[in-house]
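Q: model the structure of this input:
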Amino acid sequence: MDAQTRAMGGSRQEKEWVLPTEVLPFILGSGLEKGAAGKKDGNLELFEKGLEKELRKEDSIEQAVSKMVKMALVAEFGPSLVIARGASKMITTITRAIMNDAKLRRQALIILDRLAQ
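A: This is a model prediction of the structure:
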């Protein structure tokens with residue numbers, strides 16, 4: 001990665017990072033292969049179908065958010081992460097973070113409402 005250095009007044013120097021142009025397609029998503037894009041679609045389908053099966057009308061909001069976190073982890077990283085030792089602490093921490101942030105809680109409730117039909 002390129003870094004251009006400019007001399008400032010005195011002995012102090014500021015380094016300015018210049019983003020290489022070959023990285024931009026990956027950041028913007030246009031450099032993704034069709035396989036990677038298909039995998040993301042598959043992960044989303046897995047998440048939605050799994051969450052639809054797991055959600056119950058009797059679940060509290062916190063239980064539903066916890067199930068959503070588990071399904072997101074399973075869809076993204078596979079079921080082995082969720083059953084791994086210490087995963088329950090991680091899931092609880094993520095669930096609490098979502099529940100304590102108004103914006104995240106609202107987004108989670110929108111997703112849960114859509115999938116809890």
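Q: contacts for stretch 98-117?
A: Stretch 98-117 has contacts (Cβ atoms under 8 Å, 6 or more residues apart in numbering) with E48, L51, E52, L55, K57, I61, E62, A64, V65, M68, V69, A97. Any C-beta I mention is one placed from the backbone N, CA and C, and that applies to glycine too.
Q: restrict the helix or strand harbouring L112 to CA atoms and write it as PDB.
A: Counting by DSSP states H and E, the element that carries L112 is helix 102-115. C-alpha atoms of helix 102-115 as PDB (Å, rounded to 0.1, in the frame of the first residue of the first chain):
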ATOM      1  CA  ALA A 102     -31.900   1.300  20.500                       C
ATOM      2  CA  LYS A 103     -31.000   1.400  16.800                       C
ATOM      3  CA  LEU A 104     -29.900  -2.300  16.800                       C
ATOM      4  CA  ARG A 105     -32.900  -3.400  18.800                       C
ATOM      5  CA  ARG A 106     -35.200  -1.700  16.300                       C
ATOM      6  CA  GLN A 107     -33.500  -3.300  13.400                       C
ATOM      7  CA  ALA A 108     -33.600  -6.700  15.100                       C
ATOM      8  CA  LEU A 109     -37.300  -6.300  15.800                       C
ATOM      9  CA  ILE A 110     -38.000  -5.400  12.200                       C
ATOM     10  CA  ILE A 111     -36.300  -8.600  11.100                       C
ATOM     11  CA  LEU A 112     -38.000 -10.700  13.700                       C
ATOM     12  CA  ASP A 113     -41.400  -9.300  12.800                       C
ATOM     13  CA  ARG A 114     -40.900 -10.000   9.200                       C
ATOM     14  CA  LEU A 115     -39.800 -13.600   9.800                       C
END
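Q: show me what counts as buried in that helix.
A: Buried residues in helix 102-115, counting neighbours by 16 or more other Cβ atoms under 10 Å, are found at A108, L109, I111, L112, L115.
Q: what's the weakest-modelled helix or strand in the protein?
A: The least trusted helix or strand in the chain, going by mean pLDDT, DSSP states H and E, turns out to be strand 2-7, with a mean of 46.
Q: identify the residues contacting the nearest residue to T92 once chain neighbours are set aside.
A: Closest residue in space to T92, ignoring its immediate chain neighbours: S66 at 7.4 Å, by Cβ to Cβ, 6 or more residues apart in numbering. Contact analysis of S66 by Cβ under 8 Å, 6+ apart lists I91, T92, T95.
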